[in-house]
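K.L.:
Take a look and give me a structure for this.
(2 chains)
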Amino acid sequence: MKAFDYAAPASLPEAVGLLASQPAARLLAGGTDLLVQLRSGRKQADVVIDVKKIPELNEITLAADHSLTIGAAVPCYRLTDHPAVQAHYPALTEVASWIGGTQIQGRASLGGNLCNAAPSADSIPLLIALSASAHIAGPAGRRSVPVEAFCTAPGRNQLTPGELLVSIHIPAPPPRSGAAYLRFIPRNEMDIAVVGAGASLTLANGVIAAARLALSSVAPTPLFVPAAGDSLLGQAPTPAALEAAAQLAQAAASPISDMRGSAAYRRHLCAVMARRALELALSRAQENQ
Amino acid sequence: MSAKVQVQTTINNEPVEFLCEPRQSLLECLRDIVGLTGTKEGCGDGNCGSCTVKLGDRIVTSCLVLGVEAAGQSITTVEGLAHGNTLHPLQKAFLENAALQCGICTPGFLIAADALLQKHPQPTEEQTRFWLANNLCRCTGYDKIIRAVQAAAHEINANSGAAQ
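P.N.:
Numbering: from 1, shown residues only, chains lettered A, B, ... in the order given. Below is the predicted model of the structure:
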């Protein structure tokens, strides 16, 4: 690995100042993507800024209304092991336990998964389904963007020079709502999604009052499909309605062929995974009074 | 070359200081600077688990940790498992169950399995397989490793029962 300097600022202003003064800096949270990229030469850095000492990036805050703020550097295992997150966000607990294996989960963060902006990122479709937003700090102050707008191309994100992701905020899930993320992989664990689907669904008076669906591994970025969710509004949660929404998700996908599957296979899987994710979200919504 | 950094850690319950470049992985620091060569390098990108060590209360692949990140933290490597000449029950069970052939993956499996048994003293086969999914072995086919971990769990639990 090429030589670099290391800094571990203890506060957000210090980190923003350092980042603004160092154009060739890279941010380090869990390092499970960055150190691989630096070692292979795919990314370069003069300075690596370790953000794990910044308190705000290390906090999990579940508010009284059950909205959730996850610091950008919080490793996956802390979400998996958090009893209140388990109780209120079962889908989030699952996805945090599916990113890499035990060792990777000891380091890797959802914030890093988001910033790395891989089309196959497992956490992003679920975060989109949960209406999450990315809280960003930079030289011009703070701003917030919906997660669906955060990734701009493979490996590229919304952050401008000098900015960093502080946290991911998930608004309070409404009553009678449920969410799910499912992925298709040929093994049982430790693999990259051939296709993944995240869904959320809210029921009111026997019909679907809100629904959101997003896919991974089928487009240059994790793909939000508003038409799929919108098609369910006001509908009774019937298998036919879910299947119609899944078909819309499939129509929005633009998968490529690679070692993990052909474009045609992925397109087929889009409808299957979208339908199953909606079904699981529905069954969770029905359980949540 | 960047200035070297002095790093203070606790390794296998002993205070250890080392001087490293910021770009050096914890794995390189352990093996090439501290001289603890029990931890092995396999893939170098976090997939194979050979370089697994315990950092704080979590297992990590030490190839994906910078040595400087270990400042102030405690580390357990395979050298810290045995008590003097008495092997750890996992080490004994790996020998008795022939859970190794070439041995390169073994230190990583032992550290990962030790962390598993601390979290789940009597893990199911499924828990064991999922927990160890980040450790690859190209010799044994895994069954013997899983059996060794379960045998060690039995022994540890029997001994802790006897002690009570």
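
K.L.:
Report pLDDT for the most centrally placed residue in chain B.
P.N.:
Within chain B, one residue has its C-alpha closest to the average C-alpha position: by Cα atoms, centre = their mean, that is B:Ile111, at 2.6 Å. B:Ile111 is assigned a pLDDT of 98 by the prediction.

K.L.:
now do B:Gly49
P.N.:
98.

K.L.:
Secondary structure of it: a helix, I assume?
P.N.:
No - judged by DSSP: H, G, I helix; E, B strand; the rest coil, B:Gly49 forms no part of a helix; its state is coil.

K.L.:
Any idea how many residues pack against it?
P.N.:
The criterion is other Cβ atoms under 10 Å in any protein chain shown. On that basis, B:Gly49 has 29 neighbouring residues. Using the backbone N, CA and C atoms, a C-beta is placed for each residue, glycine as well.

K.L.:
Contact partners for the residue lying closest to it once chain neighbours are set aside?
P.N.:
Here the nearest residue to B:Gly49 in space, its sequence neighbours aside, is B:Asn135; by Cβ to Cβ, 6 or more residues apart in numbering or on different chains that works out to 3.5 Å. Contact analysis of B:Asn135 by Cβ atoms under 8 Å, 6 or more residues apart in numbering or on different chains lists A:101, B:48-50, B:52, B:105, B:108-109, B:112.

K.L.:
change it to 6 Å
P.N.:
B:Asn135 makes contacts with B:49, B:108-109, B:112, as judged by Cβ atoms under 6 Å, 6 or more residues apart in numbering or on different chains.

K.L.:
Chain A contacts on chain B?
P.N.:
Selection of chain B residues close to chain A by Cβ under 6 Å from any Cβ of the partner chain yields B:1-2, B:22-23, B:45-46, B:52, B:58-61, B:64, B:68, B:130-131, B:133-134.

K.L.:
Which ones among those map onto helices?
P.N.:
Within those, residues falling in helices by DSSP state H are B:130-131.

K.L.:
Give me the buried entries from the residues of chain B next to chain A.
P.N.:
Of all these considered here, the ones buried according to neighbour count by 16 or more other Cβ atoms under 10 Å in any protein chain shown are B:22-23, B:46, B:52, B:58-61, B:64, B:68, B:130-131, B:133-134.

K.L.:
I'd like those residues written out as JSON lines, with pLDDT added.
P.N.:
What follows is those, written out as JSON lines (pLDDT from 0 to 100):
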{"residue": "B:Pro22", "pLDDT": "97"}
{"residue": "B:Arg23", "pLDDT": "97"}
{"residue": "B:Gly46", "pLDDT": "95"}
{"residue": "B:Thr52", "pLDDT": "98"}
{"residue": "B:Arg58", "pLDDT": "97"}
{"residue": "B:Ile59", "pLDDT": "98"}
{"residue": "B:Val60", "pLDDT": "98"}
{"residue": "B:Thr61", "pLDDT": "98"}
{"residue": "B:Leu64", "pLDDT": "98"}
{"residue": "B:Val68", "pLDDT": "98"}
{"residue": "B:Phe130", "pLDDT": "94"}
{"residue": "B:Trp131", "pLDDT": "96"}
{"residue": "B:Ala133", "pLDDT": "95"}
{"residue": "B:Asn134", "pLDDT": "96"}
